[in-house]
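Novice: Compute the structure for the input listed below.
(chains A and B)
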Amino acid sequence: IAGITQAPTSQILAAGRRMTLRCTQDMRHNAMYWYRQDLGLGLRLIHYSNTAGTTGKGEVPDGYSVSRANTDDFPLTLASAVPSQTSVYFCASSADYTGELFFGEGSRLTVL
Amino acid sequence: QQQVKQSPQSLIVQKGGISIINCAYENTAFDYFPWYQQFPGKGPALLIAIRPDVSEKKEGRFTISFNKSAKQFSLHIMDSQPGDSATYFCAASGTYKYIFGTGTRLKVLA
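Specialist: This is a model prediction of the structure:
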């Protein structure tokens, strides 16, 4: 089934380690997004990309970086993980910025 | 700064009742207002959406009411069912800033 694929599904990580969450879509959508979901805080936008080669900062970008080398892939990197980055991370895509978002199943990250 | 404010945080409704969730936004540049439904362990999925040129949109048991002047919109779930028990998020979108509310956990009692 077409859609968004995220990896890993879950990961436990020591503080200070580098981690990359992978996201791939096969819908040829222009826009892609990374959100983190925390209880009581909802979904907060980390970074977004409106087309390959461009990225932008969301609400909570500090400590995270992204790249968009092609249409399909949008990895999220934590250069030096901290416990406050423990969260569930969702990747999403849309055909354009005013349309439906399609979400992946999420990546649960625990930083100890 | 929360650009989209959602209430209530949680809601319990009897089967057959009406569930109402409210959202308010600040940025007048937003021009797309969707609601997403999320079940445990899954990613959110689009439920229904509205654009600011209409005041109401209905799809089955789900209705969005939109008040542009008050910068508010709400989701009404008629004849609520236990299968509707989930977390609901409102959102607002414009210029690639797709912003979500904090979510409402709905439980429909059988």
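
Novice: Give me the neighbour count for the closest residue to residue B:51 other than its chain neighbours.
Specialist: Computed as C-beta to C-beta, 6 or more residues apart in numbering or on different chains, the closest residue to residue B:51 that is not its neighbour in sequence is residue B:32, at 6.0 Å. To be clear about C-beta, it is placed using only N, CA and C from the backbone, and glycine gets the same treatment. Residues lying near residue B:32 (other C-beta atoms under 10 Å in any protein chain shown) number 19.

Novice: try residue A:70
Specialist: 10.

Novice: Span of stretch A:49-61 from start to end?
Specialist: 13 Å (C-alpha to C-alpha, to the nearest Å).

Novice: scratch that, stretch A:12-29 is what I was asking about
Specialist: 30 Å.

Novice: same deal with stretch A:89-106?
Specialist: So stretch A:89-106: terminal residues 5 Å apart, C-alpha to C-alpha.

Novice: Where does residue A:33 fall, secondary structure wise?
Specialist: Per DSSP states H and E, residue A:33 falls inside strand A:31-38.

Novice: What residues of that strand count as buried?
Specialist: A:31, A:32, A:33, A:34, A:35, A:36, A:37 (16 or more other C-beta atoms under 10 Å in any protein chain shown).

Novice: wait, the second one sits on residue A:47?
Specialist: In other words, residue A:32. No: look at residue A:32 against residue A:47 with C-beta atoms under 8 Å: they stay out of range, at 9.1 Å.

Novice: so how many other residues sit close to residue B:13?
Specialist: Residue B:13: 18 neighbours (other C-beta under 10 Å).

Novice: Likewise for residue A:28?
Specialist: Residue A:28: 10 neighbours (other C-beta under 10 Å).

Novice: So it sits against residue A:71, correct?
Specialist: Yes: at 6.1 Å, residue A:28 counts as touching residue A:71 under the criterion of C-beta under 8 Å.

Novice: Next up, the contacts around residue A:13.
Specialist: A:19, A:81, A:109, A:110, A:111, A:112 (C-beta atoms under 8 Å, 6 or more residues apart in numbering or on different chains).

Novice: hey, what's the residue nearest to residue B:44 when sequence neighbours are not counted bridged with?
Specialist: Spatially, and ignoring its direct neighbours in sequence, residue B:44 is nearest to residue B:36 (3.8 Å; C-beta to C-beta, 6+ apart). For residue B:36, the beta-bridge partners under DSSP bridges are residue B:46, residue B:89.

Novice: Return the residues in contact with residue B:36.
Specialist: Each residue near residue B:36 by C-beta under 8 Å, 6+ apart is listed here: A:101, B:44, B:45, B:46, B:47, B:88, B:89, B:90, B:91, B:100.

Novice: now these in TSV, with pLDDT, distance to residue A:76 and neighbour count?
Specialist: Conversion of those to TSV gives the following (pLDDT from 0 to 100; distance: C-beta to C-beta, whole Å; neighbours: other C-beta atoms under 10 Å in any protein chain shown):
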residue	pLDDT	distance to residue A:76	neighbour count
A:101	91	16	27
B:44	95	17	27
B:45	95	21	14
B:46	94	22	16
B:47	96	26	19
B:88	98	25	23
B:89	97	20	25
B:90	96	24	28
B:91	94	20	24
B:100	92	17	27
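
Novice: how deep is the residue nearest to residue B:31 when sequence neighbours are not counted tucked in, by neighbour count?
Specialist: Leaving aside its chain neighbours, residue B:31 sits nearest to residue B:94 (5.1 Å; criterion: C-beta to C-beta, 6+ apart). Using other C-beta under 10 Å as the criterion, residue B:94 is surrounded by 17 other residues.
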